[in-house]
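Visitor: build me a model:
(one chain, ligands or ions: 2)
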Amino acid sequence: MTLTGAWATAWIVLGAEVISDNRAALNTLDREIGDGDHGENMDRGFQAVIGKLDALTGDAQPADVLKLVATTLISTVGGAAGPLYGTAFLKAAIATSGADRLDADLVVAMLTAARDGIVLRGKAESGDKTMVDSWTPAVDAAVAARAESDDVLTILRVAAAAADRGAIATEPLIARKGRASYLGERAQGHRDPGAESTRLLLQAAVDAAVGASQR
Ligand code: ADP
Ligand code: MG
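Guide: Ligands and ions are numbered 1, 2, ... in the order given. A predicted model of the protein is given here:
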């Protein structure tokens, strides 16, 4: 299978749902090592995107959807996460620009560009206890899966599973970027909220692809 604009739209609809369902949980994670607004920030941004999806035409390409998400998140989400996710979706849109359908190579390019955008913007390295600690294992796993398979669903599944493990692996870390870095050792034992929202969004990408494969 390949992934269409309809998949990208379904991804964002499911992503908005899962962010909304986890709004309180993301706030709680952010209350433990930040200022308690990550769920609120993400929910506000994704609800704003949902309000704009109708403006897309039926023949929208994946990049059109990704670009809409980028511009909306950048303009509606305060805090660190807005510009970071905004840049991720913008770079993902550029990487997939002009394609009606995303094959395995373009899916890997999309994920890689998203992660690279976050790193470019936020300058975090692996192990700094940020969303990069979900994104980078996801990208690495996607690249490895692509070497073995040309199935986009397999690649997305492997990436999302690696993001899950990456998010869990932030728990013992001391933060070196973002608000949590002010806490020193007190950040240990708490999962990074941005790594958690990344994990949720990548799982939504899988779920949207499963839905698309069944149509
Ligand atoms: P704020 O910290 O401004 O309140 P949010 O609470 O919405 O913004 O987002 C916090 C999340 O942003 C963190 O959990 C972390 O994953 C991510 N983050 C913060 N700074 C950086 C950075 N420099 N690079 C990558 N991710 C970062
Ligand atoms: Mg916050």
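
Visitor: all contacts plus neighbour counts: C-alpha atoms, from now on.
Guide: Fine.

Visitor: how about the residues of this protein by ligand 1?
Guide: 30, 35, 37-38, 41, 79-81, 122-124, 130-132, 177-179, 192-195 (Cα under 6 Å from any ligand atom).

Visitor: can you give the contact residues for the helix or strand hosting residue 9?
Guide: Using DSSP states H and E, residue 9 falls within helix 5-21. With Cα atoms under 8 Å, 6 or more residues apart in numbering as the contact definition, helix 5-21 has outside contacts at 39, 42-43, 46-47, 50, 53, 59-66, 100-101, 197, 200-201, 204-209, 212.

Visitor: now do stretch 42-55
Guide: 9, 12-13, 15-16, 19-20, 23, 65, 68-69, 72-73, 76-77, 81-82.

Visitor: need the residues that contact stretch 184-191.
Guide: By Cα under 8 Å, 6+ apart, the list of residues contacting stretch 184-191 from outside reads 29, 32-33, 167-175, 180-181.

Visitor: what's the farthest-apart pair in those?
Guide: Maximum pairwise distance in the contacts of stretch 184-191, criterion Cα to Cα, is 17.9 Å, between 168 and 181.

Visitor: thinking again about what came up before, could you flag which of the residues of the chain next to ligand 1 are buried?
Guide: 30, 37-38, 41, 81, 122, 124, 130-132, 177-178, 192-195 (16 or more other Cα atoms under 10 Å).

Visitor: so what's the closest residue in space to residue 39 that isn't next to it in sequence up against?
Guide: Leaving aside its chain neighbours, residue 39 sits nearest to residue 23 (4.1 Å; criterion: Cα to Cα, 6 or more residues apart in numbering). Counting by Cα under 8 Å, 6+ apart, residue 23 makes contact with 38, 39, 40, 42, 43.

Visitor: which of those residues lies closest to ligand 2?
Guide: The shortest approach to ligand 2 among the contacts of residue 23 belongs to residue 38, at 4.6 Å (Cα to the ion).

Visitor: what separates that closest one from residue 159, distance-wise?
Guide: 23 Å (Cα to Cα, to the nearest Å).

Visitor: need the phi and psi values for residue 3.
Guide: When quoted as degrees, to the nearest 10, the phi and psi of residue 3 stand at phi -110, psi 130.

Visitor: again, but for residue 102
Guide: Per degrees, to the nearest 10, the backbone of residue 102 is at phi -100, psi 120.

Visitor: how about the longest helix seen in the chain: buried residues?
Guide: Ranked by residue count under DSSP state H, the longest helix found in the chain is helix 193-213. Neighbour-count burial for helix 193-213, counted by 16+ other Cα under 10 Å, picks out 193-209, 212.

Visitor: repeat that for stretch 166-176.
Guide: 166, 167, 168, 169, 170, 171, 173, 174, 175, 176.

Visitor: if you skip the residues just before and after it, what's nearest to the third one?
Guide: Right, the one you point to is residue 168. Here the residue nearest residue 168, using Cα to Cα, 6+ apart, is residue 191, at 6.4 Å.

Visitor: mind checking the SS state of the one you found?
Guide: For residue 191, the assignment made with DSSP: H, G, I helix; E, B strand; the rest coil gives coil.

Visitor: distance of it from residue 33?
Guide: 9 Å.

Visitor: before we move on, what about residue 51?
Guide: 31 Å.

Visitor: the two - which one has more neighbours?
Guide: Using other Cα atoms under 10 Å, the more surrounded residue of residue 51 and residue 33 is residue 33, with 24 against 10.
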